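**Student:** Sequence plus predicted model, see below.
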Amino acid sequence: MMRVVILISGRGSNMASLLAATASGALPVEIVGVVANRADAQGLATATACGVSTRVVDHRLYTEREAFDAVLAATIDDFAPDLVVLAGFMRILGDSFVRRYAGRLLNIHPSLLPAFPGLHTHRRALAEGVRIHGCTVHFVTPDLDHGPVIVQAAVPVLDGDDESALAARVLAREHQIFPLAVRWFAEGRLHLNDGRVTLDAPQDGSGVLIAPPLGGG
Ligand code: GRF
């Protein structure tokens, strides 16, 4: 099975959704390690409870980004992963780190990219008055939050939404599309051409999948 390492910085609910999908059989990969840049990341306890090895590489111990990135890469490579997944990992990674994992580094971002790259996406979506918001799983490139899009899910912005209500609506879709994108990767169905992603039809001929509605499988 494909070996996956997940990088987190905090709560780890996206990581938990990937672990749950592997446990249920919906995601045929082995999550071999979870790496956090903070020892107090809540998700570390969740990973440990699921029997997954964890490591901490504390970014505060390194004054240069390259030094942090190098130790992070060595820590990841100890797990010999086929795929590295950023699940709420809140450090910007340097070009050489991104190049090292080119084509096998995925990120989830809480907006419909290319709208709202960076931080505070829900607050900014509310401030702009957009009616449709959402989340994106994409390949990571050195250009922050601009890598080739794999899958997106949209949610409405409702009158009366505050940041946390909107965040919760988006997060429910994050937990759906991240395992889906990782499964497509594991099945070898994702192809990158000229910065765009294509998805092979499933081998059982059941039709090309795009993000199904919530609860739709
Ligand atoms: C998610 O909204 C993710 O899209 C963003 O950071 C948040 C992490 O949440 N990059 P969690 O740690 O997965 O619960």
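**Tutor:** Sure, I can see it. Residues are numbered from 1 along each chain as shown.
**Student:** use CA for all of it now, contacts and neighbours both
**Tutor:** Fine.
**Student:** now for whichever strand or helix holds residue 32, which elements pack on it?
**Tutor:** Using DSSP states H and E, residue 32 sits in strand 29-36. Using 3 or more Cα pairs under 8 Å, 6 or more residues apart in numbering; DSSP states H and E, the elements in contact with strand 29-36 are strand 2-8, helix 13-24, helix 43-49, strand 53-56, helix 65-77.
**Student:** In PDB, please show the C-alpha coordinates belonging to it.
**Tutor:** C-alpha atoms of strand 29-36 as PDB (Å, rounded to 0.1, in the frame of the first residue of the first chain):
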ATOM      1  CA  VAL A  29      -3.200   3.800   2.000                       C
ATOM      2  CA  GLU A  30      -1.100   3.400   5.000                       C
ATOM      3  CA  ILE A  31      -0.600   6.500   7.100                       C
ATOM      4  CA  VAL A  32       2.900   5.800   8.400                       C
ATOM      5  CA  GLY A  33       3.700   9.000  10.300                       C
ATOM      6  CA  VAL A  34       2.400  12.300  11.500                       C
ATOM      7  CA  VAL A  35       4.800  15.200  11.900                       C
ATOM      8  CA  ALA A  36       4.000  18.500  13.700                       C
END
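**Student:** re the thing from before, any idea which of the helices and strands packed on strand 29-36 is most buried?
**Tutor:** Mean neighbour count (mean count of other Cα atoms under 10 Å) peaks for strand 2-8 among the helices and strands packed on strand 29-36, with a mean of 23.
**Student:** average pLDDT across it?
**Tutor:** Average pLDDT, strand 2-8: 98.
**Student:** sorry, back to before: and the helices and strands packed on strand 29-36 as TSV, adding distance to the ligand?
**Tutor:** Formatted as TSV, the entries for the helices and strands packed on strand 29-36 read as follows, by distance: least, Cα to the nearest ligand atom, whole Å:
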stretch	distance to the ligand
strand 2-8	6
helix 13-24	3
helix 43-49	7
strand 53-56	15
helix 65-77	18
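**Student:** Reformat the ones you listed as JSON lines; add distance to residue 166.
**Tutor:** Below are the helices and strands packed on strand 29-36 laid out as JSON lines (distance: least, Cα to Cα, whole Å):
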{"stretch": "strand 2-8", "distance to residue 166": "22"}
{"stretch": "helix 13-24", "distance to residue 166": "16"}
{"stretch": "helix 43-49", "distance to residue 166": "22"}
{"stretch": "strand 53-56", "distance to residue 166": "31"}
{"stretch": "helix 65-77", "distance to residue 166": "32"}
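**Student:** which stretches of this structure form helices?
**Tutor:** 13-24, 43-49, 65-77, 95-100, 121-128, 163-186 (DSSP state H).
**Student:** quick one: strands adjacent to the strand holding residue 32?
**Tutor:** In the sheet, strand 29-36 lines up against strand 2-8 (parallel), strand 53-56 (parallel) (DSSP bridges).
**Student:** contacting residues around that strand?
**Tutor:** Contacts to strand 29-36, defined as Cα atoms under 8 Å, 6 or more residues apart in numbering, come from residues 1-10, 19, 22, 44, 47, 52-58, 75-76, 79, 81, 89, 183, 186.
**Student:** Try it again at 6 Å.
**Tutor:** 1-9, 52-56 (Cα atoms under 6 Å, 6 or more residues apart in numbering).
**Student:** What of stretch 124-138?
**Tutor:** 106-112, 147-157, 170.
**Student:** quick one: buried residues of it?
**Tutor:** By neighbour count on 16 or more other Cα atoms under 10 Å, the buried set for stretch 124-138 is 125, 126, 133, 134, 135, 136, 137, 138.
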